[in-house]
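Novice: have a look; sequence and predicted model below, questions after that.
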Amino acid sequence: RIFFKSHAKELVYEYPVNKKKIAQIEGDHILFDGQPKSPVSSRTTDEKEMQLVSDERYIFLQNSVRAVDAAVDVTKSRKDGDERMKLIKSVYWDKTRTLYGAALNIPISERQAQRWNTEFLEIISKRMGWV
């Protein structure tokens, strides 16, 4: 469970950057190394392998963003959703507070902050198929 929690945390931290990467890929139709895509028939074997890696990475980015989006949607739908999202935003995206600091700011107990954080990460882990 700790293993999945740490991976889910990574996805939450990377969420804003991953959303930008997806937008760039979809907008520019480029590979991750910045090279324009070429027709499949004109690619070398190395280019095809590189494209496969890029496609797999793109799919992973999409899945990870969708998992975080789902966690955000579920969290926002709760009666205390605004406070929960304030916690997530300040810890993971703004990076202005620790979990304890965010709990004091809301204000809730540190234990409640841990529960909210764990619930958020479990939604992501389930959406990613890790649990």
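Specialist: Ah, there it is.

Novice: longest helix in the chain, please.
Specialist: For the chain, the helix that runs over the most residues, judged by DSSP state H, is helix 45-76.

Novice: in the very next helix or strand once past that helix, what counts as buried?
Specialist: Where DSSP states H and E defines the elements, the next helix or strand beyond helix 45-76 is helix 81-88. Using 16 or more other CB atoms under 10 Å as the test for burial, helix 81-88 gives 83, 84, 85, 86, 87, 88. No exception for glycine: its C-beta is placed from N, CA and C like everyone else's.

Novice: quick revisit: can you give me the buried ones in the longest helix of the chain?
Specialist: For helix 45-76, by 16+ other CB under 10 Å, it's 50, 51, 54, 58, 61, 64, 65, 67, 68, 71, 72, 75.

Novice: thinking again about what came up before, ok, the buried residues of helix 81-88 vs residue 125, which is closest?
Specialist: Nearest to residue 125, judged by CB to CB, of the buried residues of helix 81-88 is residue 88 at 14.9 Å.

Novice: from residue 121, how far out is that closest one?
Specialist: Residue 88 sits 10 Å away from residue 121, taking CB to CB, to the nearest Å as the criterion.

Novice: find the residues that touch each one of those two.
Specialist: Counting by CB atoms under 8 Å, 6 or more residues apart in numbering, the residues touching both residue 88 and residue 121 are residue 12.

Novice: who's in contact with residue 81?
Specialist: residue 75.
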